[in-house]
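K.L.:
based on what follows, work out the 3D shape:
(one chain, ligands or ions: 1)
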Amino acid sequence: MAEPNRYRPGRQHTSRTYPVIPPIYQTTTFELDDQAYEDIQGTGGLHETWYSRFNNPTVDAAAAEVAHLHGASQSLVTASGMAAIATTLVTLLRSGDTLVAARQVYGDTNDLLERDLPRLGVDVVRVDAFDVDAWRDVIATHDPDVVYGETLSNPQLRVMDIPAVVEAAHGAGAKVVIDNTFATPMCTRPLELGADVVVESATKFLAGHSDVVAGVVTTDDRALHEEVQRRIITFGGAQDAHAAFLVWRGLRTFGVRLAEVCRTAASLADLMASEQEVSHVVYPGRSDHPDAGGAVERVMPGPHGAMLTLVLEGGDERALQVVRRLEVAVEATSLGGVETLASLPFNSSHFNMTPQQRIDAGILPGMLRLSVGLEGEEALAEDLRRALQRTDA
Ligand SMILES: Cc1ncc(COP(=O)(O)O)c(C=O)c1O
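P.N.:
Alright, predicted model coming up:
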C-alpha cells in the first residue's frame, strides 16, 4: 500500500496547486504514457517530455522567453553559448561544404572555425566582418553553404551590416547564422533582418546575473530547429533544469535591465569622451562611431547596447593600472551581468596575439572594455574618474 506522505510521480499526482513560477523539473525522467510512446516511435521522442536530454519543462520555459524576445516561434536552450554555436554549425555543415565567416569572432568560435570544422572536411573562408564589398566578393567567389558573423565585434564594437550580408548570402543559397550575444534582442533581432539562425551566449545579458552558463539557438525554420535539437540530443549539449531556471528568472527582468544598462552606457560614453586621460571612446550610439549612419542605423538603431570600450592614454600598462584602481567595476572576464565588469583585451580575450596583430585588428593599446551594469551612471562615472587620476603627477 502506498504511504500517504510519499511523493508519487506523474499520473498519480493530483495536486491542485498552480505555481506562478515554473517549477524546476530536477528530474532526469518522466512517467511514460501512450502519447509518449507514440512520439518516441514516431519522431525519436523530439516532442514529448520523457527524458531531460530531449525535453524538460523548465528548459522549455526559458526557451519560450528567448523566442518571444526575438519574435520567433521557438528557441532551444543549450548548456553554453559554445554548445549553441558548435551544434548549429555542425548541424548545417557537412564534409565538402564551405563556410564563409567573419574574421573577427569570439576566441573559442575562432578555434571551432580554424581547428575543428576543417577536420570535419569543411572549407572555412574568412572575411573582414565590416567590409561589405569583401563579403560580397568572397560569397560570389566561394559559393558558401553557410555564412557566419557576430552583430557586434569585441572589443572594437563594430557593427556588422547584417541585411547586406544576408542579401549576398541568400543570393548564393547560403544560410546565415548570427551570434547576437553582445547586441542582445533588445538592440538587434537578426531574424527580422533576414538571418536564418541566431545563436547567443545566454551566460551574458539574457540570463544577466553572472551566475549561469547557457546558450540559445533561435530559428523560425521548423525543420532546422528539429535538426539542431537532434544534435543537442546526440552531442549532449542539453541544459540542466536548475541552470535553465536561472536563465528563465534572469529573462523576466531582461527588458528593464537592458533599458537601464543601455541608457547608462550611452551617458558614460559621453562623459568619458571629455576626460583628458581617455583618448577615444567607442560606443555604437556616438556620432564618431565608424559605422554611424550606416550599419548602426540598419542593425542597431537604438538602444545601442551596454558594451563600451575606452582607449586610454598611455597604452596597456596604464590601462592595467586604471583597472586595478576601480572600486565599483570589477576586473573580470565575461559581460552582461548586473555588475559592471572591466577587462583588457591585451591580457584576456586577445592575449594570444602580438601587439602588432592586435593593432592590425583594430585592438588598440590602452583599450579597456566595460560591460555596464546597474550601479548607476553617477557611481560608475565617479569610479572611472577616480581610477583615471594620475598618481604620478
Ligand atoms: C560573442 C560570444 N559568443 C559566444 C560566447 C561563448 O559563450 P559561453 O561562454 O556561454 O559558451 C561568448 C563568451 O564570452 C561570446 O562573448
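K.L.:
all contacts plus neighbour counts: C-alpha atoms, from now on.
P.N.:
Will do.
K.L.:
count the residues that sit near whichever residue of the chain sits closest to the ligand.
P.N.:
Going by Cα to the nearest ligand atom, the ligand is nearest to G81 of the chain, at 3.5 Å. Neighbour count of G81, defined by other Cα atoms under 10 Å: 25.
K.L.:
next up, the contacts around it.
P.N.:
G81 sits next to V199, E200, S201, A202, T203, V213, A214, G215, V216 when contact means Cα atoms under 8 Å, 6 or more residues apart in numbering.
K.L.:
state the pair within these that is farthest apart.
P.N.:
Within these, V199 and V213 form the most distant pair, 14.1 Å apart (Cα to Cα).
K.L.:
who has more neighbours out of the two?
P.N.:
Taking other Cα under 10 Å, V199 and V213 do not tie; V199 has more neighbours (27 against 20).
K.L.:
C-alpha coordinates for the helix or strand where that one lies, CSV please?
P.N.:
Following DSSP states H and E, one finds V199 within strand 197-201. Extracted C-alpha coordinates of strand 197-201, given in CSV (Å, rounded to 0.1, in the frame of the first residue of the first chain):
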residue,chain,number,x,y,z
VAL,A,197,19.5,31.4,-37.2
VAL,A,198,20.5,33.4,-34.1
VAL,A,199,23.0,31.9,-31.6
GLU,A,200,23.6,33.6,-28.3
SER,A,201,25.5,33.0,-25.1
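K.L.:
walk me through which strands that strand pairs with, and which way each runs.
P.N.:
According to DSSP bridges, strand 197-201 has the following sheet partners: strand 175-179 (parallel), strand 215-218 (antiparallel).
K.L.:
rewinding a little: tell me, which of the contacts of G81 make contact with the ligand?
P.N.:
When contact is defined as Cα under 6 Å from any ligand atom, the contacts of G81 meet the ligand at S201, T203, V213, A214, G215.
K.L.:
closest to L384 among the residues you listed?
P.N.:
T203 (25.6 Å).
K.L.:
contacting residues for that closest one?
P.N.:
S80, G81, S210, D211, V212, V213, A214, G215, G336.
K.L.:
need the CA coordinates for stretch 381-393. PDB is fine.
P.N.:
Extracted C-alpha coordinates of stretch 381-393, given in PDB (Å, rounded to 0.1, in the frame of the first residue of the first chain):
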ATOM      1  CA  ALA A 381      31.500  57.900 -13.700                       C
ATOM      2  CA  GLU A 382      33.000  58.700 -10.300                       C
ATOM      3  CA  ASP A 383      34.700  55.300 -10.100                       C
ATOM      4  CA  LEU A 384      36.200  55.700 -13.600                       C
ATOM      5  CA  ARG A 385      37.300  59.300 -12.900                       C
ATOM      6  CA  ARG A 386      39.000  58.400  -9.700                       C
ATOM      7  CA  ALA A 387      40.800  55.400 -11.300                       C
ATOM      8  CA  LEU A 388      41.900  57.600 -14.200                       C
ATOM      9  CA  GLN A 389      43.500  60.200 -12.000                       C
ATOM     10  CA  ARG A 390      47.300  60.100 -12.400                       C
ATOM     11  CA  THR A 391      49.000  59.300  -9.100                       C
ATOM     12  CA  ASP A 392      52.500  60.100 -10.600                       C
ATOM     13  CA  ALA A 393      51.700  63.800 -11.300                       C
END
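K.L.:
in what helix or strand does A244 lie?
P.N.:
Going by DSSP H and E, A244 is part of helix 241-251.
K.L.:
packing partners for the helix or strand that comes right after that helix?
P.N.:
Counting by DSSP H and E, the next helix or strand C-terminal to helix 241-251 is helix 254-273. If contacts are counted by 3 or more Cα pairs under 8 Å, 6 or more residues apart in numbering; DSSP states H and E, helix 254-273 sits against strand 278-282, strand 307-312, helix 377-388.
K.L.:
which of the ones you listed is buried the deepest?
P.N.:
Greatest average neighbour count among the helices and strands packed on helix 254-273 goes to strand 307-312 (a mean of 25), per mean count of other Cα atoms under 10 Å.
K.L.:
what's the angle between it and helix 254-273?
P.N.:
20 degrees (axes from the mean of the first three to the mean of the last three Cα atoms, to 10 degrees).
K.L.:
nice, that's everything, thank you.
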